[in-house]
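# Need a 3D model of the sequence below.
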Amino acid sequence: SYAKTGYLAASQYEGSARWLRRYLPYRTTVFNAMWDSSMAYFYLDDAHYFLVGLDPRLMRDADSERYQTWFDLQSGKDANVSKIKTVFHASAVLVDRRLTGNFVKNLRESGLYAMQYEDEWVQIFTPID
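Next up is the predicted model:
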């Protein structure tokens, strides 16, 4: 668990990165709700695009409206998770298990997403077609 390690290690994300590489089309976008694991995914999965990387302020500086939409969704403030597909064109949602609460609740209750992968660190949701 995070409490045991005290830090984020790439090995924590190997299973989810493997799932993304296996099941998502090449060069599609992944809506990642946490930014601090992005370097592990940069290293483990260069086949996909992730919305936020080293610092989400980079998105804010480039497009403040888009950043606010991302922030409101991942914080659970905005329950309209259809924006993940319509605004960000993401083919999967990567949820760090540290992120609990309304965002995951909104994904589950929307009827638009199904959890496809889960481990100790990460959950991956994909749109229901």
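# As a check, name the ranges of all strands in the protein.
Counting by DSSP state E, the chain has strands at residues 29-32, 49-50, 90-96, 113-118, 122-127.
# Can you name the residues bridging to the residue nearest the centre of the chain?
Nearest to the geometric centre of the chain sits residue 32, at 2.1 Å (C-alpha atoms, centre = their mean). Note on residue 32: beta-bridge partners residue 94, judged by DSSP bridges.
# And the pLDDT at it?
For residue 32, the model assigns a pLDDT of 91.
# from what I can see it touches residue 49, true?
No. With contact defined as C-beta atoms under 8 Å, residue 32 and residue 49 do not form a contacting pair (9.9 Å). C-betas here are computed from N, CA, C, even on glycine.
# Would you mind listing the buried residues in stretch 99-106?
Across stretch 99-106, burial judged by 16 or more other C-beta atoms under 10 Å covers 99, 102, 103, 104, 106.
# typo on my end, stretch 37-48
37, 38, 40, 41, 44, 45, 48.
# do the same with stretch 74-92
Quick answer for stretch 74-92 (16+ other C-beta under 10 Å): 74, 76, 78, 79, 81, 83, 84, 85, 88, 90, 91, 92.
# I'd like these as TSV, with distance to residue 26 and pLDDT appended.
Formatted as TSV, the buried residues of stretch 74-92 follow (distance: C-beta to C-beta, whole Å; pLDDT from 0 to 100):
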residue	distance to residue 26	pLDDT
74	25	93
76	31	93
78	29	97
79	31	97
81	24	97
83	24	98
84	20	97
85	18	96
88	18	96
90	15	96
91	11	96
92	13	97
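# Let me know the pLDDT of the residue nearest to residue 58 when sequence neighbours are not counted.
Closest residue to residue 58 apart from its sequence neighbours, by C-beta to C-beta, 6 or more residues apart in numbering: residue 52 at 7.7 Å. As predicted, residue 52 sits at a pLDDT of 82.
# any idea how far residue 52 lies from residue 85?
17 Å (C-beta to C-beta, to the nearest Å).
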